[in-house]
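Asks: coords below, sequence missing:
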């Protein structure tokens, strides 16, 4: 039998078997739409989760000096910032109390010296400018309001009388970003650059670092920790969202698992229905198939014809389902359909339906044509 | 040249043979009738000769080719190429046009339908089927449906025509046309084998297998 003639005959038969063909087509279309919508929604949620876990707060951790003995020095920041996976690193000193130089009674705040690439810090300048010397300070917006800094200018003063000009206000991007009054660290002397604690160097309390991607955080922290040299395990503490990476993986795998369950469930349900429909169709068409056998069709030819007929319908219905599903999914979740995933779904549906209908097709092909022809 | 049947034995139920130890030869270029009471295996013999059934024992050979020993694929190919079946009821597909029905055997014989379309139309015209070729079987009379079925059986000019009560449901005029066509085919060299109760057909046949 010529392939094109067979395909043409299968299509003509599919058109003739209207009820079964429409049922199969609608079933396949609905299943493909359900799978498309489910995977679309899940993919959108997965992307949202990925975005959430790539937030700076999860990618940032701090190494805290618990000893109070000055284990952290200026060069630790420089070395950590040079690590390949580190986006930015900064040192913060211990807090010290300050207040508005002009309004002594207007409340107190806490300030820190900060060393790092200011432009790379996870903060946004809201007004004013970045400090350019250790005589200037930058205030968080809420602290500025609390201390009575309504507009630009003003100064803050420490209890020991040191004073800094307020040059701008900032907002933190996340919980692990700087959130107190920050002052550029004084320029280090050669003595302090050797790792000692010169009179100009603040006492550093925390070394914070932000990595480029969440999975790199643990390794980068370990590396940064090793750069500090041998210290007692209890002298340093790590502050981070410890389970962020695991939680991210867990949530993502939950989403993917959910999509897989829905997809496999829909495919299995559809396969069972298709298998039943194919059995019913094979029985309803037994006279026709018996006649075909009498006219020269082999058993294999009957099986091929039935499978081809169904496959043609499934492919067309699958394409329709993909088009509708992709459109609706895109409208609902804003996730653009992936051509490869759509192709994979079409192949899976086509192969699945062929497998589901194979037993019925074989049963029809091997049915005794004479019994059928003799039984109207 | 013909169909040789040797020690053919067959039944539908274990231990209850319908055809027992049948040995005969069916020559070409003649009309052979298979007679016998109902249930004696007339139709069954046709299906055995056409390779649709496998006998319990014995063999059917066409020009020396043992059909019963062939695997299904080859037996089907042989049937498509050499056999034309005419059923008691026309057995046309009610959902397809009559021309599609006539052209159906071409599919199984591996021939292009398009090249046989003219022959299908001519056969229908020769057999007096004067309905539009796109008609459905439900739109034609019983006599015309049987003639369409005959046209289908003759499409590929088979050398063996197996007809199961071909005139059983027809009026005299239609029956006469079908029979004259079958006789004409036999005279041109075809082997026409008819299972029938019809005494007129039996009287007009040249060869008879009685299963009584």
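Replies: Alright, I've got the coordinates. Note that this is a predicted model, so its numbers are computed, not measured.

Asks: CA only for contacts and neighbour counts going forward, please
Replies: Will do.

Asks: Make sure residue B:25 is indeed in a strand.
Replies: Yes - according to DSSP: H, G, I helix; E, B strand; the rest coil, the state of residue B:25 is that of a strand.

Asks: Where does the residue nearest to it when sequence neighbours are not counted sit: helix, strand or coil?
Replies: Nearest residue to residue B:25, sequence neighbours excluded (CA to CA, 6 or more residues apart in numbering or on different chains): residue B:4, at 4.4 Å. In three-state terms, and counting by three-state DSSP, residue B:4 is strand.

Asks: Report pLDDT for residue B:4.
Replies: Turning to residue B:4, the model gives it a pLDDT of 93.

Asks: burial measure for it, as a count.
Replies: By other CA atoms under 10 Å in any protein chain shown, 19 other residues sit near residue B:4.

Asks: what bridges to it?
Replies: Counting by DSSP bridges, residue B:4 forms beta bridges with residue B:25, residue B:61.

Asks: who's in contact with it?
Replies: B:23, B:24, B:25, B:26, B:60, B:61, B:62, B:63 (CA atoms under 8 Å, 6 or more residues apart in numbering or on different chains).

Asks: Now tell me which of those the prediction trusts least.
Replies: Ranked by pLDDT, the contacts of residue B:4 bottom out at residue B:63, which has 88.

Asks: before we move on, back to that, may I see the ChimeraX selection of the buried members of the contacts of residue B:4?
Replies: Those of the contacts of residue B:4 that count as buried under 16 or more other CA atoms under 10 Å in any protein chain shown are selected in ChimeraX with:
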select /B:26,60,61,62
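
Asks: Break chain A down into its domains, please.
Replies: By the assignment in automatic domain parsing, chain A contains the domains A:3-51+A:248-374, A:68-231.

Asks: Quick one: end-to-end distance for the last one.
Replies: Think domain A:68-231. Across domain A:68-231, the terminal residues are separated by 12 Å (CA to CA, to the nearest Å).

Asks: Show the pLDDT at residue A:256.
Replies: 75.

Asks: Sheet partners, orientation included, of the helix or strand encompassing residue A:62?
Replies: Assigned by DSSP states H and E, residue A:62 belongs to strand A:60-65. If you go by DSSP bridges, strand A:60-65 pairs up with strand A:204-211 (antiparallel), strand A:236-239 (antiparallel).

Asks: Adding mean pLDDT and mean neighbour count, write those strands out as TSV.
Replies: Listed next are the strands paired with strand A:60-65 as TSV, based on pLDDT from 0 to 100; neighbours: other CA atoms under 10 Å in any protein chain shown:
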stretch	mean pLDDT	mean neighbour count
strand A:204-211	93	26
strand A:236-239	88	16
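
Asks: Adding distance to residue A:60, write the ones you listed out as a markdown table.
Replies: As requested, the strands paired with strand A:60-65 are exported to a markdown table (distance: least, CA to CA, whole Å):
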| stretch | distance to residue A:60 |
| --- | --- |
| strand A:204-211 | 4 |
| strand A:236-239 | 9 |
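
Asks: Which of the ones you listed sits closest to residue B:32?
Replies: strand A:204-211 (94.2 Å; CA to CA).

Asks: Distance check, the closest residue in space to residue A:368 that isn't next to it in sequence against residue B:111.
Replies: Of all residues not flanking residue A:368 in the chain, residue A:290 sits nearest, at 7.7 Å (CA to CA, 6+ apart). Per CA to CA, residue A:290 is found 21 Å from residue B:111.

Asks: Compare neighbour counts for those two and give me the winner.
Replies: Remark: of residue A:290 and residue B:111, residue A:290 carries more neighbours, 24 against 16, as counted by other CA under 10 Å.

Asks: you'd agree that one is up against residue A:364?
Replies: No - under the criterion of CA atoms under 8 Å, residue A:290 is not in contact with residue A:364, lying 9.0 Å apart.

Asks: Give me the neighbour count for the spatially closest residue to residue B:72 that is not a sequence neighbour.
Replies: Distances taken as CA to CA, 6+ apart put residue A:298 closest to residue B:72, at 6.3 Å, once the chain neighbours are dropped. Number of residues near residue A:298 (other CA under 10 Å) recorded here: 25.

Asks: try the one 10 residues further on
Replies: Neighbour count for residue A:308, taken as other CA under 10 Å: 20.

Asks: check contacts around residue 210.
Replies: Picked chain A for this. Counted by CA under 8 Å, 6+ apart, residue A:210 has contacts A:56, A:59, A:60, A:61, A:86, A:87, A:88, A:89, A:217.

Asks: if you could check chain B rather than the one you did, that'd help
Replies: Going by CA under 8 Å, 6+ apart, the list of residues near residue B:210 reads B:34, B:35, B:36.

Asks: Sort out for me which of the residues you listed are in strands.
Replies: B:34, B:35 (DSSP state E).

Asks: which ones are touching the residue nearest the centre of chain B?
Replies: Nearest residue to the geometric centre of chain B (CA atoms, centre = their mean): residue B:162, 2.2 Å. Contacts for residue B:162 (CA under 8 Å, 6+ apart) come out as B:46, B:50, B:83, B:84, B:85, B:86, B:192, B:193, B:194.
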